[in-house]
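[1] Generate coordinates for the sequence data below:
(2 chains)
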Amino acid sequence: MAKFMLILQGPPDVGRELSPEEMQRKVEKYQEWANAMRASGRHISSEKLGEEGGKVLSRRQGKLTIVDGPYSEAKEVVGGYFLFRAADYEEAIELTRDAPFLDDFQIIIRQTDPTGCGGE
Amino acid sequence: MGGEPPVHELVEHLFRSHAGQMLATLTHVFGLEHLELAEEVVQESLLLALRQWPFQGVPDNPRAWLIRAARNKALDALRRRAVLRRKEPELQRRLESRQTQADLGAPPEAGALADEQLAMIFVCCEPELPAGARVALTLKAVSGFSVAEIARAFLVQEATIAQRLTRAKRRICDAGIRLAVPPAAEIPRRLDTVLQALYLLFNEGYAAHAGEDLVREELCVEAIRLAQLLTLRGDTRLPAVHALLALFYFQAARFETRQDGAGDLLLLADQDRSRWDGTLLSHGVCHLERAAQGDELSEYHLQAEIAAVHVTSASYAKTDWRRLLDLYDQLLALAPSPVVALNRTIAQSMTAGPQIALVSLDRLSDDPAMKNYYLLPAVRADFLRRLDRTAEAAACYRQAFALPCSEPERRFLLRRMKAM
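    Take a look at the predicted model:
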């Protein structure tokens, strides 16, 4: 089975205006989806990215530049990712179409390159 | 990755009750003047859970996790503010003890935690504050409701609630109100406004004045939880607190039967008494017994007894209306109110007949507090209906229908109008 990465991209302040009760409801909704993913055996890993810090490295003409960013003030930031197994894009979309994250985030799905060493 | 993590279910209202407790703890450390900073820290720590848990799964001990998050956020906040930095050891100490309790699985209301929350309740219900602000502030600072939720509960604009809260917080600072449970000698006096706020809170949930839901149960549940907190300490566990709790439980026992399957209002006479919640009723009886210890007779005692007469009667027909009339008379003498007087006329209509009750009712109609109260014409309509004065009854139902009330109440009035 192929590996897919689900990338959550959205405003950095999701949930800020919610009440504790509403936050809990949202957590439970997210959780239901994530748990189903885990239970199906498709889940490989998932991580939330840190909100502070972040470095952008580049090298031009042999000179390494390191700048801070991307800033959390940015309108759209990558909040985190899920790595999971699916047969193809069609199935990956099928698994993701009801993800509650879509209430708050844009979801980007990318397949890891199946021809590389990492492919299965 | 190894085996999949176990799935943890969150305790109902965990975030909300955690928010209330954490806010109380942080406000004790930061000082009342930094209530808003404490609110921010609590919000930030919950946000962290919202953002992390979907990826990592819910932690083994969510409450301990949330406390740790709050501690980190609170320390950040302290370090950013030079004036607060010296409070760091105190904050560390308090949060460590919370952490330990949570790790050990101790109930969240244990000991010091309850005291901190009680102190917050007393601050929020300070007699210095306007009555409306007390309930709003209690919901915000003790119960973890948002401005939007409070606005929804009381059917007022968010801006109105926000303004009420801002003013109340400013008043607390200006008046130099202390964050502490009052000394024992002052508690009976200070409890007045606390019980009044809880009573309002419960009533708001029990008899919604407008909107779709007849019962906004959450407000009632919260009123019960806060009243329970008062029973955790010897000096706040006064008979009136038990009386109020008895009243709450008696009313709550009937929640499920106040509406039929279609969400339509069912009057006491038509409710299926076998479906009243036996556990809640027995809680009510238990608190009523405790309320009877001592020689205090508060309005809540009388209200609870009135509720007890209803819930302990085998059928509507067997209701002891004479006893109710007597209780209403006592209540009117102790705490005169047009709403109580209105309820009294119903008991009177069952003992002396609707003709006489109608005369009592007419005396109430000039009261300005009754001007927009739909129950006045609705009760009048009922008396007239029982006297076979159908045309007049229909006119009164129409009059009631034009006044503000909840949707189920409106549908009820409509059904009655059609039946005329």
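[2] Could you check how far B:Phe412 is from B:Thr193?
    34 Å (Cβ to Cβ, to the nearest Å). Every residue, glycine included, has its C-beta placed from N, CA and C.
[3] If you count surrounding residues, which of the two has more?
    B:Phe412 (21 against 18; other Cβ atoms under 10 Å in any protein chain shown).
[4] quick one: contacts for the more buried one?
    B:264-265, B:267 (Cβ atoms under 8 Å, 6 or more residues apart in numbering or on different chains).
[5] most neighbours, which of these?
    So for the contacts of B:Phe412 (other Cβ under 10 Å), the most neighbours sit at B:Leu265, 19 neighbours.
[6] now the helices for chain A?
    A:20-39, A:89-96 (DSSP state H).
[7] Show me which residues of the first one are buried.
    By that I understand helix A:20-39. Residues A:20-24, A:26-27, A:30-31, A:33-35, A:37-38 are the ones in helix A:20-39 that count as buried (16 or more other Cβ atoms under 10 Å in any protein chain shown).
[8] Up against chain A, what does the stretch 51-200 of chain B have?
    B:51-58, B:144-146, B:148-149 (Cβ under 8 Å from any Cβ of the partner chain).
[9] and the strand or helix carrying B:Arg398, what does it pack onto?
    Assessed by DSSP states H and E, B:Arg398 sits inside helix B:390-401. The contact analysis (3 or more Cβ pairs under 8 Å, 6 or more residues apart in numbering or on different chains; DSSP states H and E) places helix B:390-401 against helix B:375-386, helix B:407-419.
[10] circling back to that earlier point, possible to save the contacts of B:Phe412 as TSV with secondary structure, pLDDT and distance to B:Leu232?
    Formatted as TSV, these follow (DSSP: H, G, I helix; E, B strand; the rest coil; pLDDT from 0 to 100; distance: Cβ to Cβ, whole Å):
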residue	secondary structure	pLDDT	distance to B:Leu232
B:Asp264	coil	80	39
B:Leu265	strand	81	36
B:Leu267	coil	84	37
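[11] just to revisit the earlier point, among the helices and strands packed on helix B:390-401, show me which one is buried the most.
    helix B:375-386 (a mean of 22; mean count of other Cβ atoms under 10 Å in any protein chain shown).
[12] now what about that one, what contacts it?
    Contacts of helix B:375-386 (Cβ under 8 Å, 6+ apart): B:342, B:345-346, B:349, B:354, B:357-358, B:361, B:364-365, B:370, B:390, B:392-397, B:399-400, B:403, B:413, B:416, B:420.
[13] From the residues you listed, list the buried ones, please.
    Using 16+ other Cβ under 10 Å, the buried ones in those are B:342, B:345-346, B:349, B:354, B:357-358, B:361, B:364, B:370, B:392-397, B:399-400, B:403, B:413, B:416, B:420.
[14] I'd like the distance between the nearest residue to B:Leu232 once chain neighbours are set aside and chain A.
    Distance criterion Cβ to Cβ, 6 or more residues apart in numbering or on different chains; nearest residue to B:Leu232, sequence neighbours excluded, is B:Ala114 at 4.7 Å. Distance of B:Ala114 to chain A, computed by Cβ to the nearest Cβ, to the nearest Å: 19 Å.
[15] Next: B:Arg411.
    From B:Arg411 across to chain A, the span is 29 Å (Cβ to the nearest Cβ).
[16] so what's the nearest residue to that residue once chain neighbours are set aside up against?
    Of all residues not flanking B:Arg411 in the chain, B:Asp264 sits nearest, at 5.6 Å (Cβ to Cβ, 6+ apart). Shown in contact with B:Asp264 (Cβ under 8 Å, 6+ apart): B:408, B:411-412, B:415.
[17] same question, B:Glu44
    B:Lys73.
[18] Could you check how many residues crowd around B:His249?
    Residue B:249: Tyr, not His. 25.
[19] I meant to write B:Ser17 there.
    B:Ser17 has 22 nearby residues by other Cβ under 10 Å.
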